[in-house]
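Asks: build me a structure from this.
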Amino acid sequence: MKRTRVHRRPLLRPVPLAAAATVAALLGSAVVASPATAVATPATARTVTDPAAHVVPFIGTSNGGNTWPGATAPFGMVQWSPTGTAGDQTSTPVANGYSYDVNRLRGFSLTHLNGAGCAPGAAGDVPIMPVTVPVTTSPSADTTDAVYAAGYSHDQESASPGRYSVRLDNGVHTDLAVTTRAGIGAFTFPAGPAANLLFRTSNSINGSEDATTTIDARTRTVSGSVLTGGFCSRRANGGGASNPDRRSYYRLYFTATFDRDFTSTGTWKDGAVQPGGTSASGGEGYLTGADRAGRGSGAWVGFDARHGATVHARIGISYVSAAGAVANRDGELTKRSSVTSVAAATRASWNRELSRIRVGGGTTDRTTQLYTAVYHALMQPNTLNDLDGRYLGSDMRVHHIDRGHAAVYGTYSGWDQYRAQIQLLALLRPDVAGDMAQSMLRFAEQNGGVWDRWLHLGAPTHVMTGDPSAATLATWYAMGVRNFDVRAAYDSLRKQATVQNADALSDVGCPGQCVAQRPALDQYLQRHYAANDDCDCWGGAAETLEDSISDSALGSWAASLGLRSDARVFAERGTYWKNTFNPAVGYQAARQADGTWTPGWSPSTGVGFAQGTSAQYTWLVPQDVSGLSTALGGDAAAVSRLDAFFHDASGNWAVTGGDATKFDPTNEPDIHTPWMYNALGQPWKTQETVRQVVDDAYGTGPGGLPGNDDLGTMSAWYVFASIGLYPQTPGRADMLIGSPTFRTVDIRRSSGQRIVIRSSGTDPYVQRTTLDGRRLDRSWVPASFVTRGGTLSFRVGATADPSWASGEDARPVDR
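Replies: Take a look at the predicted model:
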């Protein structure tokens, strides 16, 4: 999900990709292929043994990637990372708090979202700020962050999986490490008269409804909570003042104990400061600028640093209770825990996760990009339950984890993630996918049976469009995930797709955060499309396309469950995309309730679409590429259209975004399109196009993501591009073949299957493939390759082979 998209020049110079072959293809001339001769299975390249060493958390912290470099564990509850400031305490420089381009911060916050696009995002709870000045005025009154903030330089900053450190310009060195639910921080103050830690409890990124902070000097403890929420609540197209997410939907509890006595304490509320105080409360509201400036509450504790001092804090958090925060802290940290020991343990946890995909025989840069992408993709879903199994539900009540499940997980960017991240999660950690599926089922039950398209923690936020939960769970089932209540989940999603719910006709929050899920369902089922003037949705054509994908996925799931009638019904509904395809112009277009086409159409229009254009959404039919090809005039015409989609009028590549009529790698609706050549009989164009996107749109620096990471979605796309596979369509486990950027890829699924990919080199063009030793002349591998494992071997070259997998029987099959 994107709020804004920032385009840039590529950080890495593109790798030459047989430019002559590309130009020849655009001109319609033949491309000479290398002779196809039998070769032995490619030798295995030595794989990486310490993948965490190749992770660069700063990738994506600029160029709108909206990632952050702080300390977190795989699927962690805690994300301890800086919150930056550009001079406005009621906002942040970018969504989620950290921008590599802004060198000033106002605290180290305990929670963050990875790569979400709504500025200022959400979370950023309980910023903790070390300062070397006396607290004589209210930090909430420091509205421009002039006094109680500090600058820093990147050469004094470092980050690795599970650890973050920085030396601020005020002389304080901060070193942070975390477990799943807790963290330890070392704050080293320079010698001086003042050494204070501010707890800005009310200052969550989006503000807060309420906050409390209490100091117990006897036990050297600071504890409290913040009642907050508000994801996307400042969104201009989210309903304005009636935005449904301008509300609280969780309370975060925290507790921090220190290894040094407090020499002073104090509190503040709004503009009033209370030296010696030990308790404060008060929120900031959810507005910004003058409507919020100066409001809020918090506390500070001081230490004796006349000769310098290092202060250690052990912190736990909980979404359930203050006691839960204490238990989480004491259950995951000991009194002997240090930043170094905790960081080492969490790094080991990350290495276990990253090692589920072992690569070798690639360049240093590509290895860095690959493992950083896996790292970003496995930051979520986030653990929600305390160590005792209790968790906060979507109804704001406390529930207990279901028997047989390892964790309750939350935070689901459905519209984004269902295209790549959820498949990577199921590929590497099907057990986590199953726990997440069960969690989502419970959240839906707690939400009146409604599956929301975007969850922050377990709470519905209504962001974006479509019904991605159906596509997600159907995909997980197809990929072998079974550790959830399959039939209850299917029946619930089937009901959502067939029985109009109470909010389906609500336009609250529209267009960007429509409360309605499966909006105006009765009319949709009657018309077989979402009318742009009568759909209570964010774009009728977009809603139709998204629902067609989800319905197709439900049909595949129903078929797997032996529900033949459901399978037929949903398969037919998967073709409803045809009803918003305008044959007169050859594009998807918004359509009115009376059947006419919405006036003012052009390929670049966004009318009827969500964060995309007619030209980009026209390709959003992964479940029926053959049908789309027919609608476009046949395979030759479809290939010509795709060629034009990825190139400018001069034949140059156009794969970095910025043109509303071209491919946009910065957002999700068209990220599958490079692989569509496979179904059109020209897989060599998939191979070169994917490689061009990899080289032009991704890099190794802070701007190394093309746009918002969207909870790991763009990172997951890069992982699939790197291993030479991509999910064919939601609801299935079949994979489309590209070409790997490594000579060896060795995937160990948590369910025990092993998937091995070997290549003769790293050139982009496939000359020959074998599957488990048998020649494979198809541009796809079946679901069994994922669910049972196997070995896929490539012989690749620098020149395209247009004959490879080009025949009708070699193409992926639509269902």
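Asks: any stretches of this structure with poor pLDDT?
Replies: 1-41, 235-242, 245 (pLDDT under 70).
Asks: swap in 90 and give it another go.
Replies: 1-45, 91, 93, 95-96, 117-122, 230-247, 286-291, 509, 512, 815 (pLDDT under 90).
Asks: how close does the most centrally placed residue in the chain get to Gly289?
Replies: Taking C-alpha atoms, centre = their mean, the centroid of the chain lies closest to Leu711, which sits 1.3 Å from it. Distance, Leu711 to Gly289, using C-beta to C-beta, to the nearest Å: 28 Å. Any C-beta I mention is one placed from the backbone N, CA and C, and that applies to glycine too.
Asks: ok, Gln513 next?
Replies: 21 Å.
Asks: what residues sit buried inside stretch 278-290?
Replies: Thr278, Ala280, Ser281, Gly282, Gly283, Glu284, Gly285, Tyr286, Leu287, Thr288 (16 or more other C-beta atoms under 10 Å).
Asks: nearest to Gly773, of the residues you listed?
Replies: Tyr286 (60.1 Å; C-beta to C-beta).
Asks: now for the closest one: which residues touch it?
Replies: Shown in contact with Tyr286 (C-beta atoms under 8 Å, 6 or more residues apart in numbering): Asn206, Gly207, Ser208, Glu209, Gly230, Ser233, Arg234, Arg246, Arg247, Arg292.
Asks: ok, now which ones touch the second one?
Replies: Okay, so that is Gly207. Counted by C-beta under 8 Å, 6+ apart, Gly207 has contacts Thr90, Thr228, Gly230, Gly283, Glu284, Gly285, Tyr286, Leu287, Thr288, Arg292.
Asks: again, 10 Å this time
Replies: 90-91, 120, 226, 228-230, 233-234, 246, 248, 283-288, 291-292, 295-296 (C-beta atoms under 10 Å, 6 or more residues apart in numbering).
Asks: which of those fall in strands?
Replies: Val226, Thr228, Gly229, Ser248 (DSSP state E).
Asks: and those as JSON lines, adding neighbour count and distance to Ser759?
Replies: Listed next are the ones in strands among the contacts of Gly207 as JSON lines, based on neighbours: other C-beta atoms under 10 Å; distance: C-beta to C-beta, whole Å:
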{"residue": "Val226", "neighbour count": "30", "distance to Ser759": "50"}
{"residue": "Thr228", "neighbour count": "31", "distance to Ser759": "48"}
{"residue": "Gly229", "neighbour count": "25", "distance to Ser759": "47"}
{"residue": "Ser248", "neighbour count": "19", "distance to Ser759": "51"}
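Asks: between those residues, which sits nearest Arg314?
Replies: Val226 (19.4 Å).
Asks: my guess is that closest one meets Ile205, correct?
Replies: No - if you go by C-beta atoms under 10 Å, Val226 and Ile205 don't touch, sitting 11.0 Å apart.
Asks: circling back to that earlier point, I'd like to know which of the contacts of Tyr286 are buried.
Replies: Looks like the contacts of Tyr286 have Asn206, Gly207, Ser208, Glu209, Gly230, Ser233, Arg234, Arg246, Arg292 buried, using 16+ other C-beta under 10 Å.
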